[in-house]
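In: Output the structure for:
(2 chains)
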Amino acid sequence: DIQMTQSPSTLSASVGDRVTITCRASQSISRWLAWYQQKPGKAPKLLIYMASSLESGVPSRFSGSGSGTEFTLTISSLQPDDFATYYCQQYDSYMYTFGQGTKLEIK
Amino acid sequence: EVQLVQSGAEVKKPGESLKISCKGFGYSFSSYWIGWVRQLPGKGLEWMGIIYPDDSDTRYSPSFQGQVTISADKSISTADLQWSSLKASDTAMYYCARREVADYWGQGTLVTVSS
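Out: Residues are numbered from 1 along each chain as shown, chains lettered A, B, ... in the order given. I've put the predicted structure just below:
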């Protein structure tokens, strides 16, 4: 299996901050990476696919970058609605795997 | 509007069987893979497997191979996830999602297994 490792596991930040979450793959996945946001009691929501393509309707303050084994999700200016848990997911092979998640908390 | 609607919450005893469902609306159900994702209480997301409804080609993640069965009936736009013998450790929220890049998700089905 391809293992996905996110860091940090928890991130405390304030409204207006710029934050970055990192996701590392145990082997190269080219750009077959997606990012999701999940709020408590809700299904995840797709934010980014193909490492850097913004899903329709997602605010432009979200951006993704990377290729191979290292990827980042950046939120340029945190809004109150952004405090949630974020997951990366590789879809390079049919053994799709998620990272363990990064909980973004209000400082 | 694309929607995935899942069946309701279930409470079962260990050893019982269960099938939960996911029905697609608003798109060509046969033409998109449907995946299943498990979320244990308070934990992260785990990809279980994926099926292509048009030909029922199914792929399982190694952790779930032999533990569950994924099926689909394209005539009624429905994908199913089933267990033959539930364990307490199967207690979780289960989501279906469209495509390997999960652009649409069901609302989730909570499965509780308890004696």
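In: so what's A:Y49 up against?
Out: A:L33, A:A34, A:E55, B:V101, B:D103 (Cβ atoms under 8 Å, 6 or more residues apart in numbering or on different chains). Every residue, glycine included, has its C-beta placed from N, CA and C.
In: what sits opposite the nearest residue to the last one once chain neighbours are set aside in the beta ladder?
Out: Just to be clear, that refers to B:D103. Excluding the flanking residues, the one nearest B:D103 by Cβ to Cβ, 6 or more residues apart in numbering or on different chains is A:L46, at 5.2 Å. Note on A:L46: beta-bridge partners by DSSP bridges are A:Y36.
In: residues contacting A:L46?
Out: A:A34, A:W35, A:Y36, A:E55, A:V58, B:V101, B:A102, B:D103.
In: Please repeat the previous calculation with a cut-off of 7 Å.
Out: A:A34, A:Y36, A:E55, B:V101, B:A102, B:D103 (Cβ atoms under 7 Å, 6 or more residues apart in numbering or on different chains).
In: Quickly name whichever of those is closest to A:T102.
Out: Nearest to A:T102 out of those is A:Y36 (Cβ to Cβ; 10.9 Å).
In: need the residues of chain B near chain A, please.
Out: B:44-47, B:50, B:59, B:61-62, B:95, B:100-103, B:105-108 (Cβ under 7 Å from any Cβ of the partner chain).
In: so how far is A:S52 from the residue nearest to the spatial centre of chain A?
Out: Taking Cα atoms, centre = their mean, the centroid of chain A lies closest to A:W35, which sits 3.8 Å from it. Counting by Cβ to Cβ, to the nearest Å, the gap between A:W35 and A:S52 amounts to 10 Å.
In: And for B:S115?
Out: 48 Å.
In: Output the contacts of A:Y49 in a markdown table, with distance to B:K87 and neighbour count appended to each entry.
Out: Shown next, in a markdown table, are the contacts of A:Y49 (distance: Cβ to Cβ, whole Å; neighbours: other Cβ atoms under 10 Å in any protein chain shown):
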| residue | distance to B:K87 | neighbour count |
| --- | --- | --- |
| A:L33 | 32 | 29 |
| A:A34 | 30 | 28 |
| A:E55 | 36 | 16 |
| B:V101 | 31 | 21 |
| B:D103 | 32 | 16 |
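In: Out of these, list just those in strands.
Out: Residues of the contacts of A:Y49 located in strands (DSSP state E): A:L33, A:A34.
In: For A:D1, state which of the contacts of A:Y49 is nearest.
Out: After measuring those against A:D1 - Cβ to Cβ - the closest member comes out as A:L33, at 15.3 Å.
In: pretty sure the closest one is touching A:Q90, no?
Out: Yes. Between A:L33 and A:Q90 there is a contact under Cβ atoms under 7 Å: 5.7 Å.
In: so where do the helices sit in chain B?
Out: Counting by DSSP state H, chain B has no helices at all.
In: Would you tell me which residues of chain A are close to chain B?
Out: Checking chain A against chain B by Cβ under 7 Å from any Cβ, the hits are A:1, A:34, A:43-44, A:46, A:49, A:55, A:87, A:91, A:94-98, A:100-101.
In: Nothing else from me, thank you.
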